[in-house]
Every structure is written in C-alpha cells, then in structure tokens.
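Colleague: sequence and predicted structure are below.
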Amino acid sequence: CLLFIFLYNLLPIFSHTSGTHYLVGASAGVTAIIIGTATFAPHYAVYLFGVLRVELRWIAVFRVFFDLLGATGTDNQGGFIAHLGGAIFGLLYILHIKGSIHIPLIDNIAELFRRKKARSPRPVRSASVNINREKPVKNWASQEEIDRILDKINKSGYDSLSKEEKETLFRAGDN
C-alpha cells in the first residue's frame, strides 16, 4: 500500500485520472506471503490442481511478472502496484530473517512486541487443596508421568491402563 501511495503521488500517469482511487482487499498481503514463502523455500514444490508439480520460485516469478504487466495496463494499476509493494516487503522480510540483510525498522517493531508481551500478565497455575486440608491435589500431571503412561500404551495398549492412569491422561489432555 505504501508503494502505491508513493507512486500515485510521484508518477504523472495518475495525474490525468479523476476521481477517488481505492485499494481494497488483502491481495498485496497475500502476494507478500507468496513471495516470502518462495524466498524462504524456493525449491519446495506444490501440485497445482493435484497434477502439475511446480516449485514455489516459479509461482513467485510468474506472480511478479503478471503484476508488472498489470501495472503497465490501464485497469487497476494501483492494485498491481500494491501487489509489487507486497512482493518487495515479503522478499525483504525473509532476507532479513535469514540474516542476508539487516533492516533496523523490523528489529525495532519486533522489540516493541517483545516488550509488550513481557509486560502482559501470565496465567498462574496453582494446586487446589482438599476441603479436609489433607494433601494438595494437582490439576495437572508431570511430563514424566504422562510420558510413562504413553509408553505403557505404546507397549501394551490403552486397555492396559489403570483407572487412575486413564484419568491422569484425560486431565492432562484438558490442560
């Protein structure tokens, strides 16, 4: 969207058009995801229509090619320019994450989210206590106990579990 706003005010091709121009939809964001995914795993293949094997890099190349063609046309130039902006963002973001380039703005935004997340309260798990104040009853089982029960299921089957083991596994699934 930012590329569209920049080019709309810069290029003379838009000066002769009258009326209001809108950017509608999430196609620029989808293009960013397509290009970003192809940058991250270019040789990953998908099957179009279940039969045609195509690597992600070729999908990305054709997507950018068609957006370049569309941007030179007369209909919906703004949408195609926004797609190209999304493609640039997806490419730069993945290159930044891979460490190929450094974009300080992305680091600053990520740091803001980390600080906000660190300030948010975290839920606290506590053990409930019987009314008789005997031994506290835990609401969840330890990971070792769950692993032991799962190993027993793997060796002897679910029917070999005791009632308590089944109950422990059930409660662990709820938590």
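Modeller: Received it, and whenever you're ready, just let me know what you need. Note that the structure is a prediction, hence the values are computed from the model and not measured.

Colleague: tell me the SS of Arg114?
Modeller: Here Arg114 is recorded as helix under DSSP: H, G, I helix; E, B strand; the rest coil.

Colleague: distance of the residue lying closest to Tyr93 once chain neighbours are set aside relative to Lys163?
Modeller: In this structure, Tyr93 finds its nearest non-sequential neighbour in Gly36, 5.9 Å apart by CB to CB, 6 or more residues apart in numbering. Every residue, glycine included, has its C-beta placed from N, CA and C. Noted for Gly36: a distance of 50 Å to Lys163, by CB to CB, to the nearest Å.

Colleague: what are the phi and psi values for the residue nearest to Tyr93?
Modeller: Phi and psi for Gly36, reported as degrees, to the nearest 10, are phi -60, psi -40.

Colleague: my read: it touches Ile94, true?
Modeller: Yes - in this structure, Gly36 is within contact of Ile94 by CB atoms under 8 Å, at 4.6 Å.

Colleague: neighbours of Gly29, how many?
Modeller: Other residues near Gly29 come to 15 when the count uses other CB atoms under 10 Å.
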